[in-house]
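> Attaching a predicted model along with its sequence, questions to come.
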Amino acid sequence: MQFRQQALAKLQSPEELDLPVRFARPQGRLVLAVTVAVMAAASVWAVTGSVASTVSAPAVLTHGEGSYILQSPATGQVTAVLTKEGERLPADSPVLKVRTADGETVVRTVAAGRITALAATLGQIISTGADVAAVEKVAHADDPLYATVYVPAENAASIPEDAAVDLTVQTVPSQEYGVLRGHVKSVDRTAQSAQQVAAFLGDSQLGAQFTKDGRPVAVLVRLDKSASTKSGYRWSSADGPPYGLSSMTMATGAIRLADQRPVDWLLP
């Protein structure tokens, strides 16, 4: 009954218009201002901002035209090995002599290049089509190196032209000398088979290794040059390693993909 009388008295009393209005405390106003600022910044970033991402994939340092596998044109016994690994030869240079049932046959280079591997030895019996050597297509000692990065095919469309690339080179301690810098020169939009990779690199094992998780896409990376480093290329460290780089060196490439918008706006 007492509560009912208090409620009736409250309704019958005039409004307290002469009392001051109580605003939020200073601490509350500060929290509100910060919240509004954060929401405004987030809204602006959602419209104009972007998210940078990278894709990492195995890579090989090579010369731009790659390599090829030299095969024997006949069955017979190797009677002479006329070159050695690391030697540069012009096109049509003799590599092996093979004694066959019809006489002696000379195995010759198809294009100018450097012998990176010899699979045939003196006295060995080889068959027609057998792999006898791997030849890297390089005519001059000062031809520049490139990196070929084999990325998953689903990432090919997201790789922009001239995208930045960081290469962790297997023979260079990255903790001490950093990573090798480069930019995308071209992207082969066709996924490659193990045979295609092996034909370009001159190594069937690498062909199998780079395609074990599916057919990749080959991304050719132009290495950034620098006159101040021993290697002749730019590194994330000031000087890079105190030695040069050689082709067919393994690496891991991190390619920056096209920036992605954080929010996809749905319009009516």
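Yes, it's here.
> need the contact list for the closest residue to residue 89 other than its chain neighbours.
Using CB to CB, 6 or more residues apart in numbering and skipping the chain neighbours, the partner closest in space to residue 89 is residue 109 (5.2 Å). C-beta: built from backbone N, CA, C; applies to glycine. Residue 109 is in contact with 70, 89-93, 95, 135, counting by CB atoms under 8 Å, 6 or more residues apart in numbering.
> now those as JSON lines including pLDDT and neighbour count?
Output for these, formatted as JSON lines (pLDDT from 0 to 100; neighbours: other CB atoms under 10 Å):
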{"residue": "70", "pLDDT": "91", "neighbour count": "26"}
{"residue": "89", "pLDDT": "91", "neighbour count": "19"}
{"residue": "90", "pLDDT": "91", "neighbour count": "10"}
{"residue": "91", "pLDDT": "91", "neighbour count": "13"}
{"residue": "92", "pLDDT": "94", "neighbour count": "11"}
{"residue": "93", "pLDDT": "94", "neighbour count": "18"}
{"residue": "95", "pLDDT": "95", "neighbour count": "22"}
{"residue": "135", "pLDDT": "90", "neighbour count": "25"}
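> Among the residues you listed, which one sits closest to residue 127?
residue 70 (14.4 Å; CB to CB).
> Could you list the low-confidence segments of this protein?
1-52, 258-268 (pLDDT under 70).
> mind running it again at 50?
Scanning the chain for pLDDT under 50 picks out 45-46, 49-51, 265-268.
> max-length strand in it?
strand 54-63 (DSSP state E).
> next one: that one to chain centre, how far?
4 Å (CA atoms, centre = their mean, to the nearest Å).
> What of stretch 160-177?
For stretch 160-177 - counting by CA atoms, centre = their mean - the centre lies 9 Å from the chain centre.
> list the buried ones in that stretch?
163, 165-169, 172, 174, 177 (16 or more other CB atoms under 10 Å).
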